[in-house]
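> fold the following.
(one chain, ligands or ions: 1)
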Amino acid sequence: MDVDLPAEDDPRRVEVRAWFAAHPTPTPAELVDAGYVVPHWPAPYGLDAEPELQLIIEDEMRRAGVTKPVNPIGIGHCGPILVALASEEQKQRYLMPMLRGEELWCQLFSEPDAGSDLANLSTRAERDGDIYRVNGQKIWTSLAAHAKFGILIARTDPDTSKYTGISYFIIPMDLPGIEIRPLRNMVGGFGDAGFCEVFFTDVEVPVENLIGERDNGWAMAKQTLANERVSLSKEGLQWGHGPTVRDLVDLVRRTGGASDPLVRQRVAGAYTEGEIMRYHQLRQISAAVNKTPGPDASLRKALKDPHGQRVFQLGLELMGADGMLDVAATDPAWQAWASGFLFSPALTVGGGTSEVLRNIIAERILGLPHDQDVELGLTWSEGRARLKTAS
Ligand SMILES: Cc1cc2nc3c(=O)[nH]c(=O)nc-3n(C[C@H](O)[C@H](O)[C@H](O)COP(=O)(O)OP(=O)(O)OC[C@H]3O[C@@H](n4cnc5c(N)ncnc54)[C@H](O)[C@@H]3O)c2cc1C
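Predicted coordinates:
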């Protein structure tokens, strides 16, 4: 595979570069109108761009020092579902403000007893005239305290199998009966409300907030998770954001280099691993960028997250004693490494744990037999109990 990006005089690159020269500080609306926020989406949101054009746009945007509007869950996870399955009115209402980053979104999926085994969810949405009445609890909801909307999966038919009878809704986060309780974590960020518990008590959700067909939400939830895994395994080490291993190497160079041969070896090893990840990502982008994400996204995330943990650990060690200080007190150049280290244990948990990703790779890429607990319709804890009894 050719891993070089299209040449400097490639007409597509020339056109994109000219646009950024004419719009050196574009507003979010200008970026959306140009189709540069989600180039792979269809018009009017994107350009239906093929892989190379997407890579050119990303590259030129970086070169121009321009960043996209921030709305990771809206744009990265549930936006593609709305494009494919929402009604015309829903698309018109939600998509453009989402892309401009004007209305932040969150994802109301996990529950205390439904994480990896998400279909075990028990939040109920009962039809009552022209509303659904929602009761239940969600947990680990990133950005819930800041979001205008959430995408909710809830059980609309409790009398059917675990994977059917689930529906997918848009929830205005200020509806009466929604209580958001921030969960403090060691990284901080977003005013200590990086993620939250969300309680629903008799929340009245208009029927027009249902996406697609009632009771058919499990397929949409799985697709949202696959989109999430693509989004979380982009280049930055912190789930597609934050620094890369190349930034660490540059920082080591700028701050005097490393003389210890063992440290040099570890930096070189991390760099090599990072390059392998980058080529792997380019290969997957060229192969699959406009297709619906599949198990490849799990493979990329399964490789990328432990890599992120190793590089953040190395960054912390390179900081020496400063690594033990409050993030704000350390050299600003190293701050991303100190906070990244604190976040890094979460990398292999959120968006699918390493074990769950390996199950997907085993079954859907390697064709190994299905998890017997799933075949038997058992939850994870029931499966553990079965194993214990068997041994
Ligand atoms: C930073 C962060 C942000 C998050 N943001 C959101 C969000 O915005 N919205 C949302 O809905 N959720 C969010 N989550 C929750 C996340 O999706 C869950 O933490 C994740 O799915 C794991 O579920 P759990 O925590 O309940 O762990 P469990 O599922 O209880 O897993 C516990 C352990 O058992 C293992 N395990 C479970 N099942 C299997 C199996 N079949 N085979 C082998 N091992 C298994 C797991 O790997 C893990 O080690 C976030 C989590 C983190 C860390």
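> so how far is Ala385 from the closest residue to the ligand within the stretch 151-300 of the chain?
At 5.3 Å from the ligand, Phe195 is the closest residue in the stretch 151-300 of the chain, using CB to the nearest ligand atom. (C-beta placed from N, C-alpha, C; glycine too.) Phe195 is 29 Å from Ala385, where distance means CB to CB, to the nearest Å.
> the nearest residue to Lys304 once chain neighbours are set aside: what's it in contact with?
Closest residue to Lys304 apart from its sequence neighbours, by CB to CB, 6 or more residues apart in numbering: Ser233 at 4.5 Å. Listed by CB atoms under 8 Å, 6 or more residues apart in numbering, the contact set of Ser233 reads 239-240, 281, 297, 300-301, 304-305.
> so which one among these has the lowest pLDDT?
Ranked by pLDDT, the contacts of Ser233 bottom out at Gln281, which has 80.
> quick one: contacts for that residue?
Contacts of Gln281 (CB under 8 Å, 6+ apart): 233-235, 300.
> ok, now Gly217?
Gly217 neighbours (CB under 8 Å, 6+ apart): 153-154, 156, 166-168, 211.
> residues from this protein in reach of the ligand?
106-107, 109-110, 115-116, 140-142, 195, 346, 349-350, 353, 355-356, 359, 371, 380 (CB under 6 Å from any ligand atom).
> out of these, which end up buried?
Burial by neighbour count, judged by 16 or more other CB atoms under 10 Å, picks out 106-107, 109-110, 115, 140-142, 195, 346, 350, 356, 359, 380 from these.
> so of those residues, which ones are in strands?
106-107, 140-142, 195 (DSSP state E).
> mind listing which of the contacts of Ser233 are in helices?
Members of the contacts of Ser233 lying in helices (criterion: DSSP state H): 281, 297, 300-301, 304-305.
> who's in contact with whichever residue of the stretch 201-350 of the chain sits closest to the ligand?
Closest approach between the stretch 201-350 of the chain and the ligand, counting by CB to the nearest ligand atom: Gly350, at 3.0 Å. The contact partners of Gly350, taken as CB under 8 Å, 6+ apart, are 140, 142, 232, 239.
> distance check, it against Pro26.
31 Å.
> hang on, the earlier thing: need the max-distance pair from the buried ones among the residues of the chain next to the ligand.
Spanning the widest gap among these are Cys106 and Asn359, at 26.3 Å by CB to CB.
> for Glu111, grab the count of nearby residues.
The local packing of Glu111 (other CB atoms under 10 Å) involves 22 other residues.
> I should have written Ile361 there, sorry.
When counting by other CB under 10 Å, one arrives at 17 neighbours for Ile361.
> do the same with Phe341
21.
> that one against Gly315, yeah?
Yes. In this structure, Phe341 is within contact of Gly315 by CB atoms under 8 Å, at 6.5 Å.
> what helices and strands are in contact with the helix or strand hosting Leu251?
Assigned by DSSP states H and E, Leu251 belongs to helix 245-254. Contact here means 3 or more CB pairs under 8 Å, 6 or more residues apart in numbering; DSSP states H and E; on that basis helix 245-254 packs against helix 261-288, helix 296-319, helix 332-343.
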